[in-house]
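Q: curious how this folds, go ahead:
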Amino acid sequence: MNFKMRKIYLYKFILFSAFIFTNVFVFKSMKLLVFELVAIVIYGFFYSKKAKRTVIELKSKKIRGKYKAIFFADYHSNPADGINDIIKSESENADFIFLGGDIVDDKAENFKVDELFSMIGEKRAFYVLGNHEVRRKDLSDLIKYFKNNSTYLTRKTSPISISNFDIYGIDDVTVNENDFNYSLLYFKEQLDMKKFNILLVHRPEYFEKYLEAGFDLVLTGHAHAGHARLPFIGAIVAPGQGLFPRYQKGLYTKGEQNMFLTSGSSKKKYLVPRFFNKPEVVIINFMEEL
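A: Residues are numbered from 1 along each chain as shown. I've put the predicted structure just below:
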């Protein structure tokens, strides 16, 4: 963790400590503190049950006109309440649909995503493998399924060119780390910088490598925003990043380049259910910068 991130977590810890201090030493009431903590815990679980739309706008001189994309990841064959409703309503007028990996869970008896693709319909969907899908014993059958229902993006099938967009994708790094790194170097040589270049990839922790490759926008998931988050502090741990993860959720920007990290769309439970962390479907409105 860099110095800036340490400062952020220190400030959050100070705020949380001030909350405890106020209750115990100012109001001198342990009962009040316990009541407030219980209320916070109950609220945190109920807050996280219903899905939300997250809408972002991205402007670029490379874009001509207006386009709408839907992006979600970590569906895990088990969408949270409201996720399918959002996907169904928003896909009716979407130009692109991006599926950022772990759409199918590793422990599902079958794919359980037929309903998802029936909602998407004839819209062009782009898909990359996540780590849970890689762990499946029937991976080859799964890939065939996604090839029949979407555009399965790899180094060999990238880019797909649509209007002013070039769309790239890579399998999760657990498939082949050497190929993953080679793909990014290969893409760097192939990018048409006059196009708006999008990379669909499962993990956020390689953000610096994605930037170095030159992409305008990276869409990623995997972190689940920590799955369980604490007030004032945020995520304590995230897969692939460990304690106090640098990349948790939302838009990360450096110069003209962006990465959006979604908090995921599943209600799957791990050690604990989602806590202060709503599942989401991301709506991206692309616009021409005048």
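
Q: every contact and neighbour count from this point should use C-alpha atoms.
A: Will do.

Q: if you average pLDDT per helix and strand, which one of this structure comes out bottom?
A: helix 3-21 (a mean of 54; mean pLDDT, DSSP states H and E).

Q: show me the contacts for residue 87.
A: Contacts for residue 87 (Cα atoms under 8 Å, 6 or more residues apart in numbering) come out as 70, 119-120, 281.

Q: so what's the residue count around residue 121?
A: 14 (other Cα atoms under 10 Å).

Q: need the pLDDT of residue 110.
A: If you check residue 110, the pLDDT there is 74.

Q: which residue ranges form the strands in the stretch 1-150 of the chain?
A: 52-60, 66-72, 96-99, 125-127 (DSSP state E, counting those that start in this stretch).

Q: for residue 113, which of those strands is the nearest?
A: strand 96-99 (12.0 Å; Cα to Cα).

Q: relative to residue 118, how far out is residue 91?
A: As judged by Cα to Cα, to the nearest Å, residue 91 and residue 118 stand 11 Å apart.

Q: I meant residue 126, not that one.
A: From residue 126 to residue 118 the distance is 15 Å (Cα to Cα).

Q: more neighbours, those two?
A: Using other Cα under 10 Å, the more surrounded residue of residue 126 and residue 118 is residue 126, with 23 against 11.

Q: the more buried one reaches residue 99, doesn't it?
A: Yes - with contact defined as Cα atoms under 8 Å, residue 126 reaches residue 99; the gap is 5.9 Å.

Q: please, which helix or strand holds residue 264?
A: Per DSSP states H and E, residue 264 falls between elements, in no helix or strand.

Q: how about it, phi and psi?
A: Main-chain dihedrals, residue 264, degrees, to the nearest 10: phi 90, psi 170.

Q: wait, it touches residue 73, no?
A: Yes - taking contacts as Cα under 8 Å, residue 264 lies within contact range of residue 73: 5.2 Å.

Q: need the overlap of contacts for those two.
A: With Cα under 8 Å, 6+ apart as the test, residue 264 and residue 73 both reach 221-222.

Q: got a pLDDT number for the residue nearest to residue 240 when sequence neighbours are not counted?
A: Excluding the flanking residues, the one nearest residue 240 by Cα to Cα, 6 or more residues apart in numbering is residue 205, at 7.1 Å. For residue 205, the pLDDT comes out at 93.

Q: likewise residue 107?
A: 84.

Q: skipping its backbone neighbours, what lies nearest it in space?
A: Using Cα to Cα, 6+ apart, the closest residue to residue 107 is residue 136 (7.8 Å).

Q: could you check how far the one you found is from residue 110?
A: 10 Å.

Q: helices of the stretch 1-150 of the chain, start to end?
A: Here the stretch 1-150 of the chain has its helices, by DSSP state H, counting those that start in this stretch, at 3-21, 30-47, 83-91, 114-120, 131-134, 139-149.

Q: tally of neighbours for residue 143?
A: Other residues lying near residue 143 total 17 when counted by other Cα under 10 Å.

Q: over to the one 3 residues further on?
A: The burial count assigned to residue 146 is 17, neighbours taken as other Cα under 10 Å.

Q: how near is the closest residue to it other than its chain neighbours to residue 277?
A: In this structure, residue 146 finds its nearest non-sequential neighbour in residue 152, 6.5 Å apart by Cα to Cα, 6+ apart. From residue 152 across to residue 277, the span is 29 Å (Cα to Cα).

Q: ok, the two, which is more surrounded?
A: Taking neighbours as other Cα under 10 Å, residue 152 and residue 277 compare with residue 277 leading, 27 against 22.

Q: now stretch 133-145: average pLDDT?
A: Stretch 133-145 comes out at a mean pLDDT of 92.

Q: repeat for stretch 236-253
A: In this model, stretch 236-253 has a mean pLDDT of 87.

Q: give the buried residues for it.
A: 236-238, 241, 244-249 (16 or more other Cα atoms under 10 Å).

Q: where does pLDDT dip in the stretch 51-200 of the chain?
A: Across the stretch 51-200 of the chain, the ranges flagged by pLDDT under 70 are 122.

Q: alright, I will stop here.
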